[in-house]
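K.L.:
Here is a sequence with its predicted model. Questions after.
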Amino acid sequence: MTFFRTVLGYKIQYTLLSFLCIGATVLVSWQHFVPANQTNFYTYSCSINNAGQGRTLKIRNVISNLSTTFADKLCASKTLSQHGYSHVQIEWPTSKQLTARVLVDGQYDFILNRHHHLKGLVLDIDELYQPISIFSGYDIFWWNKFESPQLTAAFLANKTIGVTSNTKSHPYYLIPLRSLSDAGIQLSEQQIKVFPSSDSLFRRLFKR
């Protein structure tokens, strides 16, 4: 997974880029929050206090996890206002909503995504966006609400698994189904529940 920044938006200096790394130190200042657009549930924005009327820093994440926290930390930084920004907007729409037109038009300043996926949409993506931070690996786990899951036919015999409708998703489709295949486990169609997004999958998993 790689964090890309748009080439067209290179006016942001490296002091700002440091805030987009996992171990960055964030300067805290008073802020107020702008309610998310209620016409969708994958957008969050916040504004920097006393920043005036400036530009909006637009970020695209792959999932909602920590997205709002990330935006809040950026809004708490004086560095953004010093570079002409007054708002931060972060989105995590489904991958189907990331199109070639979105990339060519430069609708996002920063994008977290796999390089090969972006290149599949726009062949010359490297002329539009440049990588600034690469996350080489992460762990993927099976989750069960009631007990520790076991990747065995006996354990999964009477259970339902959840995947997303995005058949290109590694953590929410490809890897789970491939791990079942590698373990020689065959589930019926009724045992595989398809959700429109990872958020809806998690909501169903942790629903009481």
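P.N.:
Sure, I can see it. Numbering: from 1, shown residues only.
K.L.:
Which stretches in this protein count as strands?
P.N.:
Assigned by DSSP state E, the chain shows strands spanning 2-6, 31-34, 43-48, 55-60, 85-91, 110-113, 129-134, 161-164, 192-195.
K.L.:
Of those strands, which is nearest Thr68?
P.N.:
strand 43-48 (4.8 Å; C-beta to C-beta). All C-beta atoms are positioned from the backbone trio N, CA, C, and that covers glycine.
K.L.:
what pLDDT does the residue of the chain positioned farthest from its centre get?
P.N.:
No residue in the chain sits farther from the centre than Ala154, which is 34.1 Å out by C-alpha atoms, centre = their mean. pLDDT, Ala154: 93.
K.L.:
Repeat that for Tyr44.
P.N.:
At Tyr44, pLDDT is 92.
K.L.:
what's the least confident stretch among the strands of the chain?
P.N.:
In terms of mean pLDDT, the lowest-scoring of the strands of the chain is strand 31-34 (a mean of 40).
K.L.:
how much space between Ser64 and Tyr44?
P.N.:
Distance of Ser64 to Tyr44, computed by C-beta to C-beta, to the nearest Å: 8 Å.
K.L.:
Tell me which of the two has more neighbours.
P.N.:
Neighbours per residue (other C-beta atoms under 10 Å) separate Ser64 from Tyr44, with Tyr44 holding more: 24 against 17.
K.L.:
That one bridge partners, please.
P.N.:
Beta-bridge pairing of Tyr44 under DSSP bridges involves Ile90.
K.L.:
Spell out which residues sit in contact with it, please.
P.N.:
Residues near Tyr44 by C-beta atoms under 8 Å, 6 or more residues apart in numbering: 36, 67-68, 71, 89-91.
K.L.:
Let me know the distance separating the residue nearest to the spatial centre of the chain from Gln82.
P.N.:
Nearest residue to the geometric centre of the chain (C-alpha atoms, centre = their mean): Val62, 2.1 Å. According to C-beta to C-beta, Val62 stands 29 Å off from Gln82.
K.L.:
returning to what we had before: can you tell me which of the strands of the chain comes nearest to Lys78?
P.N.:
Lys78 lies closest to strand 43-48 among the strands of the chain, at 7.9 Å (C-beta to C-beta).
K.L.:
what is the orientation angle of that closest one with strand 85-91?
P.N.:
Angle of strand 43-48 versus strand 85-91, following axes from the mean of the first three to the mean of the last three C-alpha atoms, to 10 degrees, is 160 degrees.
K.L.:
Do you know the pLDDT at Phe28?
P.N.:
Phe isn't right for residue 28; it's Val. Looking at Val28, its pLDDT stands at 31.
K.L.:
before we move on, what about His83?
P.N.:
Each residue has a pLDDT score; the one for His83 is 86.
K.L.:
Next one: it from Asp72, what distance?
P.N.:
According to C-beta to C-beta, His83 and Asp72 sit 18 Å apart.
K.L.:
likewise Tyr85?
P.N.:
For Tyr85, the distance to Asp72 equals 14 Å [C-beta to C-beta].
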